[in-house]
Each structure stands twice: as structure tokens, then as C-alpha cells.
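>>> Generate coordinates for the sequence data below:
(one chain, ligands or ions: 1)
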Amino acid sequence: MQTRSRGRHVDLSDRPVPANGTVTTAAVADATCSACTSGRLLEDRVKSALWDGDRLVVVEDIPALLCSACGEQFFEDRTALALDLMRGGGFPPGEAERQMTVQVFRYRNPEPDREGA
Ligand SMILES: [Zn+2]
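All right, here's what the predicted structure looks like:
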């Protein structure tokens with residue numbers, strides 16, 4: 001049997017890990033938020049919406065650390081790695097827990113250019 005091809009390109013515009021937000025396991029015990037420097041990080045489960053090409057998928061029940069003050073989310077390295085592996089797998093539809101519908105809005109400029117001046 002052939003193994004599934006690897007290295008499939010997945011274009012995701014919504015990376016769940018903040019640029020400076022990766023927290024190591026050692027820092028978790030009594031960590032303060034590096035975004036606002038005042039909040040405490042509390043373990044929680046979050047969901048994240050990710051783009052897989054034109055397809056929007058939602059991953060839920062992700063272990064994360066949430067800032068009690070500003071709400072910033074942080075993922076531990078191993079969690080970010082696991083999400084990368086899920087991404088690399090291309091989110092096979094057969095493995096989805098359930099389906100949900102999402103509402104789509106078109107961008108609207110609140111200050112449109114003046115017409116016919
Ligand atoms: Zn914070």
C-alpha cells in the first residue's frame with residue numbers, strides 16, 4: 001500500500017499561533033501574559049477557524065492558555081505542532097466530527113468614495 005502523499009501545500013491566512021505567542025511547557029506553571037504583561041494565563045480549550053485553500057474548517061477542543069486580562073490565546077509548542085500536522089493532513093472530510101454552516105459577509109467600506117461629485 002502506498003502512503004498518502006505528504007507536503008501538500010495548505011494556504012492558511014489565519015494562523016492560530018501569535019507571532020510571539022508560543023509558550024514553552026516550563027513557562028506554563030505560573031505564567032503571565034506576554035501580550036499585556038498583566039494577565040495570568042489559564043488553561044482552557046478553544047476553537048480555531050482555519051483556511052484550507054478555499055475550504056474553511058474549524059478545529060475545536062484545542063488546549064490553550066488564555067490571558068485572564070486581554071483574552072490573548074497561546075498554544076504550547078506541542079499543540080502548535082499537532083495543529084501543523086492536522087494541517088498537513090489536509091483535514092480529510094471523513095474525519096470531521098460534524099458539519100456546521102457559516103454566514104458569509106461581503107466587506108463594506110463604512111466611508112464609500114463620493115460618487116458623481
Ligand atoms: Zn494579556
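
>>> And for residue 64, the neighbour number?
22 (other Cβ atoms under 10 Å). Where you see a C-beta, it was placed from the backbone N, CA and C, and this is true even at glycine.

>>> Next, the buried residues of the helix or strand encompassing residue 82.
For residue 82, the host element (DSSP states H and E) is helix 77-88. Counting neighbours by 16 or more other Cβ atoms under 10 Å, one finds that the buried residues in helix 77-88 are 79, 80, 83, 86, 87.

>>> mind putting those in JSON lines, distance to the ion and pLDDT included?
Output for the buried residues of helix 77-88, formatted as JSON lines (distance: Cβ to the ion, whole Å; pLDDT from 0 to 100):
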{"residue": "79", "distance to the ion": "18", "pLDDT": "96"}
{"residue": "80", "distance to the ion": "18", "pLDDT": "95"}
{"residue": "83", "distance to the ion": "21", "pLDDT": "95"}
{"residue": "86", "distance to the ion": "26", "pLDDT": "95"}
{"residue": "87", "distance to the ion": "26", "pLDDT": "93"}
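
>>> The protein: strands as residue ranges?
Ranges of strands in the chain, per DSSP state E, are 41-52, 55-67, 73-74.

>>> partners of the second one, with directions?
Read that as strand 55-67. With DSSP bridges as the test, strand 55-67 is paired with strand 41-52 (antiparallel), strand 73-74 (antiparallel).

>>> does the first one come close to the ion?
Looking back up the chat, that one is strand 41-52. No: using Cβ under 5 Å from the ion, strand 41-52 stays clear of the ion, coming no nearer than 8.0 Å.

>>> before we move on, back to that, most packed of the strands paired with strand 55-67?
strand 73-74 (a mean of 21; mean count of other Cβ atoms under 10 Å).

>>> Noted, bye for now.
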